[in-house]
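**Q** Test case, fold it:
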Amino acid sequence: TTAIHYPNGRPHIGHAYAMIAADAIARFQRQAGRDVRFQTGTDEHGLKMAQTARPRGIDVRAFADEMSAHFSGMADTLNISHDRFIRTVEPAHYHASQAIWQAMRDKGDLYLDRYEGWYSVRDEAFYDEKELVEGDGGVKLSPQGTPVEWTAEETWFF
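**A** Sure thing, here's the model as predicted:
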């Protein structure tokens, strides 16, 4: 399987590379006689999606539908041999996620806590203060040079 891509823009060579590499492995395994279930798709949730759709003046779901179609189209154009193209907005994904969540809750593996730190929406990563660099005007940046902002949120951990 590939990572499920964030469709906050059209696919690029990195997305194609991931699909092609996974496709080569899936085809090899099939030729070796192994059962293969090859999945790819798009993860249409998150702050990055909302922040990209907002300035365009379109609903996040409409934006996700548009961009996900580009990823699915790329898979078709590249003749990727996937068995399933996953979209995280599909009811099947929602129900599977709920089942996993409930199983973790039933076992007591979930707990609510607070997390805070320097967060880069672009990188989708938190950074320690020591990792940050100073940009123009004293703006704090991630090691990759992307803007960070102090973020505090209550979230579930497992």
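
**Q** And the contacts of the host helix or strand of residue 153?
**A** Assigned by DSSP states H and E, residue 153 belongs to strand 149-157. Outside of strand 149-157, the residues within contact range by Cβ atoms under 8 Å, 6 or more residues apart in numbering are 110, 111, 112, 113, 114, 115, 116, 117, 118, 119, 121, 126. In this view, the C-beta of every residue, glycine as well, is placed from N, C-alpha and C.

**Q** what's the closest of those residues to residue 39?
**A** Nearest to residue 39 among the contacts of strand 149-157 is residue 110, at 25.4 Å by Cβ to Cβ.

**Q** separation between the closest one and residue 124?
**A** 21 Å (Cβ to Cβ, to the nearest Å).

**Q** got the contact list for the closest residue to residue 144 other than its chain neighbours?
**A** Spatial nearest neighbour of residue 144, excluding adjacent residues (Cβ to Cβ, 6 or more residues apart in numbering): residue 123 at 6.0 Å. By Cβ under 8 Å, 6+ apart, residue 123 lies in contact with 142, 144, 146.

**Q** Can you turn the buried part of those into a PyMOL selection?
**A** Burial among those is assessed by 16 or more other Cβ atoms under 10 Å; the matching PyMOL selection reads:
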select buried, resi 142
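
**Q** Return the member of the contacts of residue 123 nearest to residue 20.
**A** Comparing those against residue 20 with Cβ to Cβ places residue 144 closest, at 24.8 Å.

**Q** just to revisit the earlier point, now restrict the contacts of strand 149-157 to buried residues only.
**A** Among the contacts of strand 149-157, the ones that count as buried by 16+ other Cβ under 10 Å are 118, 119, 121.

**Q** Where does the prediction get shaky in the chain?
**A** Of all residues in the chain, none has pLDDT under 70.

**Q** in the one helix or strand residue 71 maps to, what's buried?
**A** Residue 71 is part of helix 60-77, with elements assigned from DSSP H and E. Neighbour-count burial for helix 60-77 flags 60, 63, 64, 65, 67, 68, 71, 72, 74, 75 (criterion: 16+ other Cβ under 10 Å).

**Q** got the contact list for it?
**A** Outside helix 60-77, the residues that touch it by Cβ under 8 Å, 6+ apart are 5, 7-11, 15-16, 19, 40-42, 44, 49-50, 52-53, 56, 82, 85, 87, 89.
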